[in-house]
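*Asks:* Build me a model:
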Amino acid sequence: MKAIRRFSVQPVLPDSLGVLDELATNLRWSWHVPTRELFEQLSPGQWEATGHDPIAVLGTLDERRIAELAADSEFLGRANALANDLHEYLTEPRWYQSLGEDVPASIAYLSPEFGVATALPQYSGGLGILAGDHLKSASDLGVPIIAAGLFYRSGYFAQSISSDGWQQESYPVLDPDGLPLTVVRQPDGSAAHIALALPDSGVLYARIWHVSVGRVSLLLLDTDIPENDDELRSVTDRLYGGGGEHRLLQELLLGIGGVRAISLYSQLNNSPAPVIFHTNEGHAGFLGVERIRELIAAGMNFHEALEVVRAGTVFTTHTPVAAGIDRFDADLVERYFSTDLLPGVDVADVLALGAEDYDGGVEDTFNMAVMGLRLAQRANGVSRLHGEVSRRMFGALWPGFDSNEVPITSVTNGVHAATWTDRSVSRLAADKLGTHDTTSCDWLSDSVSDADIWNLRTELRGKLVHDARARMAAAWRNQHANAQPPVWYDSLLDPHVLTIGFARRVPTYKRLTLMLHDEDRLRSILCDPERPVQIVVAGKSHPADDEGKRLIQRLVRFANEPAIRGRLVFLPNYDIGMAQVLYPGTDVWLNNPLRPLEACGTSGMKAAMNGSLNLSILDGWWAEFFDGENGWAIPSADAAGDSAERDELEASALYDLIEHQVAPRFYDRDETGVPTRWVESIRHTLATLSPALSADRMVREYVERLYIPAADSATTLALDDYRGARELAAWKAKIVEAWPRVSVGYVESGGVDSVPEVGEELHVRAKVQLDGLSLDDVLVELLYGPAHSNDELISPERLELTPDDTGAVESGAAGMVQFAGTVRLASAGSFGYTVRVVPRHPGLTSDAELGLVATAVGSDHA
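*Replies:* From the prediction side, this is the model:
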């Protein structure tokens, strides 16, 4: 018999135990080991059964256990000490406070998902986990972030695997009363709401939940409230669920509603309003048009408001795959904005922000990533290679510029070390190296022996084997009416065998089944009598992606073959809790996407934080951090004739590496049984990658390279009642109007012999038609350097040309100005040059920002 409603009933704790509520409702416990150990002490069995959820554990305590704890002076002392520690953590100055007063007092961060803890399942994969790690490191560093997202009543989905290997989805409804959430309330005690006007005089209301993530406030919008009708109550039902209009409603709520919720929360708490808004992927892009509405209401026009918003917005793109970008029918977007949703904002201006009005674009399509880029003066990809891919992918927005000039930089993702480093690793660091901070200690020191490190790795592998067996047994019981699992489940995996891990979402480009390309060869690797290998796999396919489900099914069926049973295991329902055992427990982390379609791939980073070695295609983060000692690079067959040949070549390379390099190094032991060469690689990985892969490094980069410069730009434009913004908007309008008539009319050169030699000086003069623009409005440049046979310049250097003494030239050539400059021929070989003109203004962050350039055409006159 099933209940028609389920909810959590919490025990009434005596005042002496009241600190437990405070500790449980601040998610700092999810990365603070002493607090986790305190809650584990309440009931070790329930701690494991609830997936390490303090609120759920508290809900299981009976009166006898509560009385015991209330009478335990040692326990009360620990609890109060941890509460005092939390208070200090929340109030003491940290890294950000050392930067001085000229830094943003508040920074908004909007994301469609946040993976903070298993106890708050509001994530699907890497994007959400990255967002959660961003908040945690911001908290540790004292960065004043206020975040906003949506509260999905059913989260993403719970995964199970049928007897024939097919993925099945279920959507357990979450009970907010059993989660670390509190309702944001008005001064009169009523729940605070935000509202969005909809077509046909409709209104979408959302309640605001508050989550404490250390020092960071996370606001989650929830439409499942009585003020909405049944259809609108379901807007926040599932993460990435529903069709186009449902998805659009979610993204309107996230962007527009998120800004309104942050504004309301700031007012209610008398805290600073954000100066900077960080858009984590295009889903939250509508935040920019809501901010424009606010500024228009204060007396600005659209273009002036746009400059203010752009200056203070950072946009991060996470996908190198065009199919991963949300795109809507422009008519649908027009319908929602032809309402009172954004009073004062013309719907045509909104549509222009997301229009694919460039070469290769699709007419009548609204592109969320394109809007995000147009609303942000600063944008970035999430690894160095992904930055390059993004500049090529979005280059059509800046026609006439080489991809390396497209104004998209990169900040390589990082992972929150305290969350993803197993406590056994940090305990070893504390015992032998004097610190729990595994990212700052000297792993090359003799203070920690090879045996210490190898014993640690053996312990972590054993934890994974134990956890995998328990998960597989639980999955069997769930699928078979609580029947006993097969006896051989007790011997799944071996704690002494080389263990490879592979876990991630299952789109086709991540190639879950590349390892199955030659099944006989894989069987041979897994069952090698002297150097056996075992592989642990996990991952979810999107519910609508049947191709991804077929990949899972193929792998599960292969894993169930009697000949390899126990050597290859697929663990269902991949989540944070599983990952925190899986990453540390693997000796090798495998990643084999189609290069360059992996934006970053942070799972391998988390494994490396625990001393695992990576075996990966040179994609994402691995392309910039692989050094030959921290793992292995699978060669990419980019020149293969087709995808089948590419898969064959790369799978063969994968098998070769495992057979001839990975397994031999793992099993090559000294007289004490320690694989000293392998341990040497572990030491190197921990010493070199732990600091570099830390989310603390990532957040510092965002602060120093993006947040603070954005705040400076926004502050400059806001001075004197936004005089700077008004002037910049007017200047841009002037430039855009005049630019079709700007041209490089004539280029001549001299100073070199008929056969130029190294050391000679090339004198270049160019006549440029400015059509009334001032010399201060433009930058005239000589671009020069090595040239391909097709005349394409290779990474050209730049020299600013200046007006020569003749000034304007030729009577009747109004606006024609002659510029000149000299460059020394420094090296032999093919040499080429050209002259171009771009707009110049102190309010621009890039020569390409306006997407306007005039380049010399035709031949040079020597």
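*Asks:* Spell out the secondary structure type for Val747.
*Replies:* Applying DSSP: H, G, I helix; E, B strand; the rest coil to Val747 yields a three-state assignment of strand.
*Asks:* That one and Ala766 touch, don't they?
*Replies:* Yes. Judged on CB atoms under 8 Å, Val747 makes contact with Ala766 at a distance of 4.7 Å. No exception for glycine: its C-beta is placed from N, CA and C like everyone else's.
*Asks:* In terms of neighbours, single out the busier of the two.
*Replies:* Neighbour tally, Val747 and Ala766, criterion other CB atoms under 10 Å: the higher count belongs to Ala766, 26 against 22.
*Asks:* my read is the more buried one is in a strand, agree?
*Replies:* Yes. Assigned with three-state DSSP, Ala766 falls within a strand.
*Asks:* Show me the common contact partners of Val747 and Ala766, please.
*Replies:* Here Val747 and Ala766 share the contacting residues Val835, Ala856, scored by CB atoms under 8 Å, 6 or more residues apart in numbering.
*Asks:* which stretches of the stretch 251-400 of the chain form helices?
*Replies:* Listed in chain order, the helices found in the stretch 251-400 of the chain under DSSP state H, counting those that start in this stretch are 258-268, 287-297, 302-311, 330-337, 347-354, 368-374, 384-393.
*Asks:* list the helices and strands the shortest one packs on?
*Replies:* With contacts defined as 3 or more CB pairs under 8 Å, 6 or more residues apart in numbering; DSSP states H and E, the packing partners of helix 368-374 are helix 347-354.
*Asks:* for the fifth one, same thing?
*Replies:* Packed against helix 347-354 by the contact rule (3+ CB pairs under 8 Å, 6+ apart) you find helix 287-297, helix 330-337, strand 365-367, helix 368-374.
*Asks:* now, of those, which is deepest in the fold?
*Replies:* The highest mean neighbour count among these belongs to helix 368-374 (a mean of 25), with neighbours defined as mean count of other CB atoms under 10 Å.
*Asks:* Run the chain-centre distance for it.
*Replies:* A distance of 16 Å separates the C-alpha centroid of helix 368-374 from that of its chain, computed with CA atoms, centre = their mean, to the nearest Å.
*Asks:* now stretch 384-404
*Replies:* Here the centre of stretch 384-404 is set off from its chain's centre by 19 Å, with CA atoms, centre = their mean.
*Asks:* Can you get me the start-to-end distance on it?
*Replies:* Using CA to CA, to the nearest Å, the gap from the first to the last residue of stretch 384-404 comes to 12 Å.
*Asks:* What residues of it count as buried?
*Replies:* Along stretch 384-404, these residues count as buried under the neighbour rule (16 or more other CB atoms under 10 Å): 384-391, 393-398, 401.
*Asks:* What is the most widely separated pair among those?
*Replies:* Using CB to CB, the buried residues of stretch 384-404 reach their maximum pairwise distance at Arg384 and Ala396, which is 21.9 Å.
*Asks:* Now do the strands in the stretch 551-700 of the chain.
*Replies:* With DSSP state E, counting those that start in this stretch as the criterion, the stretch 551-700 of the chain has strands at 568-571, 588-591, 613-617, 631-634.
*Asks:* which helices and strands sit right next to the first one?
*Replies:* Using 3+ CB pairs under 8 Å, 6+ apart as the contact test, the elements touching strand 568-571 are helix 450-479, strand 533-538, helix 546-559.
*Asks:* How far off centre is the strand ranked longest in the chain?
*Replies:* In the chain, taking DSSP state E as the definition, the longest strand is strand 202-213. Average the C-alpha atoms of strand 202-213, do the same for its chain, and the two points are 23 Å apart (CA atoms, centre = their mean).
*Asks:* Just the C-alphas of stretch 568-582, formatted as PDB.
*Replies:* This file holds the C-alpha atoms of stretch 568-582, laid out as PDB (Å, rounded to 0.1, in the frame of the first residue of the first chain):
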ATOM      1  CA  LEU A 568      33.500  -5.100 -15.200                       C
ATOM      2  CA  VAL A 569      30.800  -3.500 -13.100                       C
ATOM      3  CA  PHE A 570      28.200  -0.900 -14.000                       C
ATOM      4  CA  LEU A 571      27.000   0.900 -10.900                       C
ATOM      5  CA  PRO A 572      23.500   2.400 -11.200                       C
ATOM      6  CA  ASN A 573      22.300   5.800 -10.100                       C
ATOM      7  CA  TYR A 574      25.600   7.800 -10.200                       C
ATOM      8  CA  ASP A 575      25.600  10.600  -7.700                       C
ATOM      9  CA  ILE A 576      27.800  12.600  -5.400                       C
ATOM     10  CA  GLY A 577      27.800   9.900  -2.700                       C
ATOM     11  CA  MET A 578      29.000   7.300  -5.200                       C
ATOM     12  CA  ALA A 579      31.500   9.600  -6.800                       C
ATOM     13  CA  GLN A 580      33.200  10.300  -3.400                       C
ATOM     14  CA  VAL A 581      34.100   6.700  -3.100                       C
ATOM     15  CA  LEU A 582      34.600   5.900  -6.800                       C
END
